[in-house]
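[1] show me the folded form of this:
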Amino acid sequence: MRGGFIKKASVMVLLIAVTVLSLTWDRAPFIPAETLDASPEAVAATPESPVPSPAPTPEQTAEREYEPEPEPEPEPEPPPHPATLFFPRSIEETDPFKPESRYEYDIMVDGEIIEEFVRPESVFFGLSEEYTRLEGITTFRGNNFRDTASWGTVNVRERTLSRVWTVSIGGLDGWTGVGWNGQPAIVRWDEDMRRMMNIYPDKQEKEGLVEVIYAAMDGVVRFLDLDDGTQTRDPIRTRNPIKGSVTIDPRGYPLMYIGQGIVSSGPIGFRVFSLIDGQELLFINGHDRFAHRFWRSFDANPLIDAHSDTIFSAAENGILYTIKLNTDFDPAAGTISIDPDIVRYRYRSALGRVLGTEASVVGFANYLWFANNSGLVQCMDMQTMTPVWIRYCHDDIDATPLLDLEEDGSLSLYIGTEVDLQGSGGLAYIEKLDALTGELLWRRTYPCRHDANVNGGVLASPILGRGDIDGGVIFFVGKTTARDGDGVLVNLDKETGEVIWETWFSRYGWSSPVAAYTEEGKSYIIVCDAGGNMFLVEGATGKVLNSIPTGGANIEGSPVIFDNMVVIGTRGQRIIGVRIN
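    As a prediction, this is how the structure comes out:
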């Protein structure tokens with residue numbers, strides 16, 4: 001039996017509870033506390049529509065005296081609190097407080113380190129498909145499980161790729177084009193939102209406008225029409241290169257979140273912008289005095305919890321930030337503002353000395369998983385800001401982990417490591433962990449190079465198979481020396497870790513592959529490499545069906561698919577729209 005302390009049957013009950021609660025959380029009517037013990041008639045008798053009670057006749061009164069009183073109906077059980085639905089815990093090998101780990105942490109609130117913390121509102125991340133209310137991809141790898149970067153379905157007839165449009169972009173201080181992990185957000189706005197925002201008038205009038213929002217290393221955030229690449233509104237200029245990806249508020253609020261990765265002009269850090277007028281609403285300086293590490297970058301992408309109005313983001317300075325936004329959004333007036341309260345978490349452990357985080361956080365219920373540059377993976381309870389379990393995974397982890405809620409109710413976490421701290425000739429580790437306890441379920445390794453400060457191994461986030469590749473998890477391993485070729489796309493059986501198929505490429509890649517599906521569930525995978533090539537791969541077999549060049553420059557960024565359109569940026573200072581035919 002796989003490790004973990006929750007039996008499968010119990011987990012299935014919890015899964016049903018999570019599903020029901022997540023579906024009804026925003027829809028349940030509010031009932032005042034004073035009416036909870038009242039009769040149904042009393043609850044229904046609101047001030048607007050009182051229900052009169054006629055005085056009983058003597059005959060009715062006499063009849064009632066001889067009738068036995070009915071048994072009171074039991075009060076229904078209240079729905080479970082989100083924080084009680086799900087119970088990860090450490091096992092002996094992952095206990096953060098075992099002596100050899102020497103784990104210690106601090107929590108800062110209002111500039112003061114405090115001994116204990118309990119969040120005043122509930123944190124609740126539901127199932128991955130419920131993360132966003134918008135049509136499109138709003139954050140890196142799509143949702144809180146980080147399990148997709150495609151939206152809609154593809155209609156594939158010719159099984160080829162063709163370029164539809166190209167947009168030229170620039171650079172700053174030698175940092176050009178789009179860098180790692182460089183994924184755009186793509187959103188279809190409704191009419192009310194289009195007219196509220198500073199979108200150009202002709203684009204406001206366009207029914208079903210799908211907007212591509214892409215940040216680049218020239219420090220500019222661009223807004224483009226998915227159909228033709230034309231500009232939809234004025235760009236936002238941040239003065240510093242942006243390596244990471246854009247995040248749009250999944251609640252449909254006109255808010256955009258961006259982390260900066262490289263210093264060029266002025267301080268860098270985490271920024272929040274209004275999409276109504278492009279104004280900056282918040283800046284968190286990456287040079288944080290609370291940090292144990294002086295490294296200011298924010299390459300990772302945050303998650304936004306709709307229920308608590310809170311952002312969760314990890315930085316390369318080693319701090320996990322939670323930001324209660326206190327958002328005030330008035331759609332009728334066309335205004336939005338925030339009044340943030342920030343809680344900081346820092347940690348140290350003998351198991352991992354390089355504390356920065358470049359991989360994006362993963363969330364479910366009130367728990368968060370994140371990995372750091374030394375290979376330390378952690379599970380955190382966000383209600384109390386306390387560690388649940390930690391595990392050392394051998395080397396730097398920059399690729400964002402993948403969370404999977406399996407059919408039997410078990411929760412799994414997939415991890416891929418670079419070959420960085422080991423040096424050239426080290427191993428890239430692909431591991432499946434029990435997300436409840438951190439227990440290792442299986443492992444596969446690939447020997448890789450590390451040369452000229454270009455890391456080998458896994459820098460691309462994995463694909464969770466669906467449709468005809470259901471049951472598989474797909475990784476792209478770069479600079480591997482396992483055989484001829486410089487990169488391999490490998491489909492692994494989720495249960496055993498055994499290879500289903502491998503496809504070898506002549507060039508390595510840091511770009512995260514993306515799967516898209518037809519209505520019938522047939523899968524197609526987009527893969528991009530360091531030579532500037534984009535490949536269309538048949539998911540069921542791993543066979544390369546077609547490829548196109550994008551300009552000869554490295555593709556470090558990660559593509560997004562919206563229906564049949566793929567969007568990707570390159571180090572060659574281009575953003576490209578490609579159609580799957």
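[2] alpha carbons only for contacts and neighbour counts from here, please
    Fine.
[3] gap between the nearest residue to residue 431 once chain neighbours are set aside and residue 239?
    Once flanking residues are discounted, residue 431 sits nearest to residue 443: 4.5 Å by C-alpha to C-alpha, 6 or more residues apart in numbering. Distance of residue 443 to residue 239, computed by C-alpha to C-alpha, to the nearest Å: 42 Å.
[4] over to residue 116?
    Going from residue 116 to residue 239 by C-alpha to C-alpha gives 39 Å.
[5] wait, is residue 295 part of a strand?
    No - counting by DSSP: H, G, I helix; E, B strand; the rest coil, residue 295 is not found in a strand; it is coil.
[6] okay, now it: neighbour count?
    18 (other C-alpha atoms under 10 Å).
[7] show me the contacts for it.
    286, 287, 316, 317, 356 (C-alpha atoms under 8 Å, 6 or more residues apart in numbering).
[8] from residue 396, how far out is it?
    As judged by C-alpha to C-alpha, residue 295 and residue 396 stand 15 Å apart.
[9] identify the farthest-apart pair in the contacts of residue 295.
    287 and 356 (12.7 Å; C-alpha to C-alpha).
[10] quick one, which of those two is more surrounded?
    A count of neighbours by other C-alpha under 10 Å puts residue 356 above the other of residue 287 and residue 356, at 28 against 16.
[11] the more buried one - nearest residue in space that isn't next to it in sequence?
    In space, and not counting its chain neighbours, residue 356 is closest to residue 316: 3.6 Å by C-alpha to C-alpha, 6+ apart.
[12] repeat for residue 476
    Nearest to residue 476 is residue 489, by C-alpha to C-alpha, 6+ apart, at 4.4 Å.
[13] where's that neighbour, which helix or strand?
    For residue 489, the host element (DSSP states H and E) is strand 487-493.
[14] that strand packs against which elements?
    The contact analysis (3 or more C-alpha pairs under 8 Å, 6 or more residues apart in numbering; DSSP states H and E) places strand 487-493 against strand 472-478, strand 499-505.
[15] residue contacts, the nearest residue to residue 264 once chain neighbours are set aside?
    Of all residues not flanking residue 264 in the chain, residue 240 sits nearest, at 5.1 Å (C-alpha to C-alpha, 6+ apart). Contacts for residue 240 (C-alpha under 8 Å, 6+ apart) come out as 172, 217, 218, 219, 260, 261, 262, 263, 264, 265, 266, 268.
[16] can you do 10 Å?
    Neighbouring residues of residue 240 by C-alpha atoms under 10 Å, 6 or more residues apart in numbering: 171-173, 175, 216-220, 260-269.
[17] same question for stretch 220-229, mean pLDDT?
    The average pLDDT for stretch 220-229 rounds to 98.
[18] revised request: answer the last question for stretch 320-330.
    97.
[19] likewise for stretch 383-398?
    pLDDT averaged over stretch 383-398 gives 96.
[20] what does stretch 254-270 give?
    Stretch 254-270 comes out at a mean pLDDT of 94.
[21] what does stretch 128-138 give?
    So the average pLDDT for stretch 128-138 ends up being 97.
[22] what is the burial count for the residue nearest to residue 431?
    Residue 443 - counted by other C-alpha under 10 Å - has 16 other residues nearby.
[23] with the one 5 residues further on instead?
    The local packing count at residue 448 equals 27, with neighbours defined by other C-alpha under 10 Å.
[24] next: residue 471.
    The tally of other residues near residue 471 (other C-alpha under 10 Å) stands at 16.
[25] ok, and the closest non-adjacent residue to it?
    Leaving out its chain neighbours, the residue that sits closest to residue 471 by C-alpha to C-alpha, 6+ apart is residue 494, at 5.6 Å.
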